[in-house]
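J.: structure for this input, please:
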Amino acid sequence: MTAPLDNLHDFYQPPPPAWTPQTIGWYVVFAVIALLAMWIIIHSLRRWLANGYRREALRELALLQPEQFSTLLKRTALSAWPRDKVASLSGEAWLNFLNETAGDSIFQRDPGSRIEEVSLRPVTLSGNDEQELRRLTAEWIRRHRVQT
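T.: Alright, predicted model coming up:
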């Protein structure tokens, strides 16, 4: 005689659901996301490479004396603009160029307006003026916009 429980069978287990998308719409969504991610990566890399001269100028700024700030700004500008547009600028025209490209009048008031004077003649700056001139120079390096 067989026991009545021997005739029982296990529960039927359906196969687990697939993790792959079942419709084409998901493949389209994934493709768009992948393309967008590639575009963002390429755009960011190009921007990072294009701004290498800014990073180099900021590193150099930390080592320079105030007499060399105007020269650093000129070299930075020559890295971004055509030589014929920047190389001949001096005095008021140079300060106007710096203000226009910064989108602000940061070199219109003291001590920014004295950056050329400091580079041409021995001028004694107070500690605050030197620090402010260094800050203005760094601000221009970071913020200037190249318009060709």
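
J.: next secondary structure after the lowest-mean-pLDDT helix or strand in the chain?
T.: In the chain, the helix or strand scored least confidently by mean pLDDT, DSSP states H and E is helix 115-120, which has a mean of 79. Next helix or strand after helix 115-120 toward the C-terminus (DSSP states H and E): helix 127-143.

J.: sorry, back to before: mind listing residues that contact the least confident helix or strand of the chain?
T.: Residues outside helix 115-120 that contact it (C-beta atoms under 8 Å, 6 or more residues apart in numbering): 66-71, 73, 90-91, 94-95, 107, 111, 123, 125, 133, 136-137. Placement of C-beta: from N, CA and C, glycine included.

J.: for that helix, list every residue counted as buried.
T.: Buried residues in helix 115-120, counting neighbours by 16 or more other C-beta atoms under 10 Å, are found at 115-116, 118-119.

J.: quick check, nearest of these to residue 52?
T.: residue 115 (23.9 Å; C-beta to C-beta).

J.: how close does that closest one sit to residue 41?
T.: 38 Å (C-beta to C-beta, to the nearest Å).

J.: phi and psi next, for residue 94.
T.: phi -70, psi -50 (degrees, to the nearest 10).

J.: contact partners for it?
T.: Contacts of residue 94 (C-beta under 8 Å, 6+ apart): 70, 74, 116.

J.: what mean pLDDT does the helix ranked longest in the chain have?
T.: Assignment by DSSP state H gives helix 24-50 as the longest helix of the chain. For helix 24-50, mean pLDDT is 96.

J.: now do the next helix or strand after that helix and helix 24-50, the angle between them.
T.: For helix 24-50, the following helix or strand on the C-terminal side (DSSP H and E) is helix 52-61. Computed with axes from the mean of the first three to the mean of the last three C-alpha atoms, to 10 degrees, the direction of helix 52-61 lies at 40 degrees from that of helix 24-50.
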